[in-house]
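Enquirer: Quick one: sequence and predicted model below, then my questions.
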There are 2 protein chains.
Amino acid sequence: MTVRELKKRETWRLVHGTALRLMTERGFDAVSVDDIVAAAGISRRTFFNYFAGKESVVFDPDPGDPELWDRLLAERPAGEPLWISLRELLLGYTTATAERMILQRQVRAASPELAGCSREVADRFWDAIRAWAPSNLSDFQLDLTINAARTVLNTACPHWAPDDGITGLHALIRAGFDTLDWTTDESRTPVRS
Amino acid sequence: MTVRELKKRETWRLVHGTALRLMTERGFDAVSVDDIVAAAGISRRTFFNYFAGKESVVFDPDPGDPELWDRLLAERPAGEPLWISLRELLLGYTTATAERMILQRQVRAASPELAGCSREVADRFWDAIRAWAPSNLSDFQLDLTINAARTVLNTACPHWAPDDGITGLHALIRAGFDTLDWTTDESRTPVRS
DNA sequence: TAGCTCTCTTGCACTCAGTGCAACTTGCAC
DNA sequence: GTGCAAGTTGCACTGAGTGCAAGAGAGCTA
């Protein structure tokens, strides 16, 4: 890891942390990009080098996350039903990033304007899963299965009281996967070979 | 229907139609609000009286839709499993608004920038459904069920070739509801009494 | 360590979305 | 017709996001 890469990662986390702190205090709309860059001590233009927009600062994955995704995907045993894999991936991811999940939840609590914004977990994570998932499904069915998992998380988050800690979220995720479970019909349970 | 209400409805449809035509030709980002109001012959400020933002002009429900929702909800027989009701509601809604669905699909085809924007059917429609749905479910399970139906539609739309007409979309919706079907386990099939 | 190069940062000027306000116009009721 | 309420418009403003060109700093090589 070169000095440059290290600095970039540090700056990313500085800006990210600063922004989420301010937004937890005042709400998303009440914090301008100028507020963030002033508090973080960088220029306005640099902010947009790191983040495509103001929403990205809340929802983009940590620069270290792709490594985590690879590890989580590698841990899934061959032959596991896809629906179970998805559940375990989400549980693993939310465990490893519990601190961020709670922060994001607090920003949302302070920012009703973010309501319709389902991006709890980065798109790129779902893309990685889609590329990894078994191919014995049509494109449509694969997208549908993955989007259903996404929906479990997106539905669980607003019902989650972050005071309960990350285990509260986990309970909702498990309940959601159980509710939508379609592994009861063995004949259409997709599995990785 | 007073003259005022009639004019409002006409203006709404004029602006909506003009905007979607321009966006189909050039793409969402390449059409500015100034372009729309110039083509529709209204003032910039009036545009924002009708629509909360540029996205709203694409995704807001037609002023006549709430009437349609009421009719569709009233048509569902008592005792029908919720999952089936949701399927039929979506089929009914997309049939009645086929023309708009196709237009929206074309705008999306011309506007990759709208990709992450799952709003095929207005939030207010889902709110109406949530208020109507059976109460023998926890809040979480109800939200999850409704969001799962939403996910079927949101997943179906990008897989839909609008050249196939609305029946192409219907086939995908049916297939999606079948894939996620959890009425196979009778004991947890929610039903309206 | 001097010098070259490539990356990242910054300031500036610009476009466009969205809002508050006050003046004006038009439908509607009495 | 007069008066009120609803709808429209122009204007001036804030804030997000972008293109560009100049400058600062990292990293490599001799």
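Expert: Received, thanks.
Enquirer: Run through chain A and note the low-pLDDT ranges.
Expert: Judged by pLDDT under 70, chain A has its weakly predicted residues at A:182-193.
Enquirer: Could you find the residue nearest the spatial middle of it?
Expert: Note on chain A: the residue nearest the mean C-alpha position is residue A:121, at 1.7 Å, using Cα atoms, centre = their mean.
Enquirer: What values do phi and psi take at residue A:42?
Expert: Recorded main-chain torsions at residue A:42 are phi -120, psi 170, according to degrees, to the nearest 10.
Enquirer: show me the contacts for it.
Expert: Contacts here follow Cβ atoms under 8 Å, 6 or more residues apart in numbering or on different chains; on that basis residue A:42 touches A:11, A:14-15. (C-beta placed from N, C-alpha, C; glycine too.)
Enquirer: what does residue A:28 give?
Expert: Contacts for residue A:28 (Cβ under 8 Å, 6+ apart) come out as A:54, A:58, A:107, A:110-111, A:113-114.
Enquirer: Quick check: the farthest pair among those?
Expert: Of all pairs drawn from the contacts of residue A:28, the widest gap by Cβ to Cβ lies between A:54 and A:110 and measures 14.7 Å.
Enquirer: picking that back up, am I right that the residue nearest to the centre of chain A sits in a strand?
Expert: No. Counting by DSSP: H, G, I helix; E, B strand; the rest coil, residue A:121 is located in no strand; its state is coil.
Enquirer: For chain A, just list every one of the strands.
Expert: Per DSSP state E, chain A has no strands. Nothing in it meets that criterion.
Enquirer: how about the residues of chain A that lie near DNA strand C?
Expert: Proximity of chain A to DNA strand C, by Cβ under 7 Å from any atom of the strand, involves residues A:4, A:7-8, A:11, A:42-46, A:49-50.
Enquirer: rerun at 6 Å
Expert: By Cβ under 6 Å from any atom of the strand, the part of chain A that sits against DNA strand C consists of A:4, A:8, A:11, A:42-43, A:45-46, A:49.
Enquirer: Please pick the buried ones from the residues you listed.
Expert: A:11, A:42 (16 or more other Cβ atoms under 10 Å in any protein chain shown).
Enquirer: Filter the residues of chain A next to DNA strand C down to the ones in helices?
Expert: Taking DSSP state H as the definition of helices, those contribute A:4, A:8, A:11, A:45-46, A:49.
Enquirer: Pull the most distant pair out of those residues.
Expert: Distances among these were taken as Cβ to Cβ; the most separated pair is A:4 and A:45, at 18.4 Å.
Enquirer: Domain boundaries for chain A, per the record?
Expert: The record, using automatic domain parsing to delimit domains, assigns chain A the ranges A:3-59, A:65-183.
Enquirer: Pipe the ones in helices among the residues of chain A next to DNA strand C into a markdown table and attach distance to residue B:74 per row.
Expert: Rendered in a markdown table, the data for those read as follows (distance: Cβ to Cβ, whole Å):
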| residue | distance to residue B:74 |
| --- | --- |
| A:4 | 64 |
| A:8 | 58 |
| A:11 | 57 |
| A:45 | 56 |
| A:46 | 56 |
| A:49 | 54 |
